[in-house]
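Asker: show me how the following folds:
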Amino acid sequence: MIKTYLILILLALTINTYGQIALIEDSDGFTNVRKNKSVKSEIIYQVKENEVFFIDVEYIDSDSNWIKVWISKDKFSKYYSDNDITGYIHRSRIKSLGSLSISKDNNPKLVFKIKKADTTRVFEKNSYGLEIPLSMSYEVKEMKVIWKGETLTQDRQLFDDLFNIQFETGNYTSDQKRFTTYKQGETYFIKQACADGGGYYEVVWVIRNGKIIQRLAGWIT
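Answerer: From the prediction side, this is the model:
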């Protein structure tokens, strides 16, 4: 049974998700999000530089000059929440997270302390990674950011809804597989691929000066 789940995990990780997480490229430092696909349409939000968001991949290969986006007002909330902003950004202002340079720095680094899931706990309804039985699941007990030799313990709210990011107890760090660290200027983007055999989700941690300034999490299809 465990072997079957591991095979499914590997299959899930082969899904091509390039381009689903994006950020803006605008000399103004911000880009307008429009309600509809027109420069004359109402501006419903302004995306700031180094702010990551999800895009509709169906628009990438289309002829449309506008890309549909999903943006959360709460920079540490879930994807598909009630606070999501859905609108359009002109294609010329969007670039894929994967187009950034991969960081060669040793900092920052994430450290997750993993333990078997507590089956007596009442889990949040929309927690990630719970497509398999709790008896087979793992949760994050503690999370830290290592920055320039300093170890910074993070608030539980940042990771309390993330399950099965690793299927072993102990410490799991962002210099291991399933992580990619990108860099733009002085901002770092650590992309983390997570799969439980029944679903696949990604988390992007945006870090500046050793502080997590955004967490974007979402199911990938």
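Asker: can you count the residues close to Y200?
Answerer: Neighbourhood size, Y200 [other CB atoms under 10 Å]: 23. For the C-beta atoms, the positions are set from N, CA and C on the backbone; glycine is no exception.
Asker: from Q166, how far out is it?
Answerer: 15 Å (CB to CB, to the nearest Å).
Asker: just the helices in this protein please.
Answerer: 2-12 (DSSP state H).
Asker: low-confidence regions, it specifically.
Answerer: By pLDDT under 70, the weakly predicted segments of the chain are 1-19, 77-82, 123-125, 196-199, 220-221.
Asker: please repeat the previous calculation with a cut-off of 90.
Answerer: Low-confidence segments of the chain (pLDDT under 90): 1-20, 56-64, 72-84, 104-106, 120-134, 177, 194-201, 217-221.
Asker: from the centre of it, point out the most distant residue.
Answerer: Largest separation from the mean C-alpha position in the chain: K40, at 31.3 Å (CA atoms, centre = their mean).
Asker: quick one: it and Q214, what's the gap?
Answerer: For K40, the distance to Q214 - CB to CB - is 30 Å.
Asker: just Q192 next, same as before
Answerer: 13 Å.
Asker: same check, this time on K68
Answerer: 20 Å.
Asker: cool, D56 as well?
Answerer: D56 is 20 Å from Q214, where distance means CB to CB.
Asker: who has more neighbours out of the two?
Answerer: Using other CB under 10 Å, the more surrounded residue of D56 and Q214 is Q214, with 19 against 15.
Asker: contacting residues around the more buried one?
Answerer: For Q214, the contact set (CB atoms under 8 Å, 6 or more residues apart in numbering) comprises E51, V52, K75, F76, V204, W205, V206.
Asker: not counting sequence-adjacent ones, nearest residue to S135?
Answerer: T119 (6.3 Å; CB to CB, 6 or more residues apart in numbering).
Asker: repeat that for V204.
Answerer: Nearest non-adjacent residue to V204, counting by CB to CB, 6+ apart: L216, 4.5 Å away.
Asker: so what's the residue count around that neighbour?
Answerer: 25.
Asker: that one: what's it in contact with?
Answerer: I21, V52, F53, F54, S72, Y79, V203, V204, V206.
Asker: most neighbours among these, which one is it?
Answerer: F53 (26 neighbours).
Asker: what do Q192 and Q214 both touch?
Answerer: Joint contacts of Q192 and Q214 (CB under 8 Å, 6+ apart) are V204, W205.
Asker: who does G87 bridge with?
Answerer: V69 (DSSP bridges).
Asker: what's near enough to touch it?
Answerer: So G87 contacts V33, R34, K35, I44, Y45, K68, V69, I71 (CB under 8 Å, 6+ apart).
Asker: relative to D61, how far out is the closest residue to W205 other than its chain neighbours?
Answerer: Spatial nearest neighbour of W205, excluding adjacent residues (CB to CB, 6+ apart): I190 at 4.4 Å. As defined by CB to CB, I190 lies at a distance of 28 Å from D61.
Asker: look at these two and report which has more neighbours.
Answerer: I190 (21 against 8).
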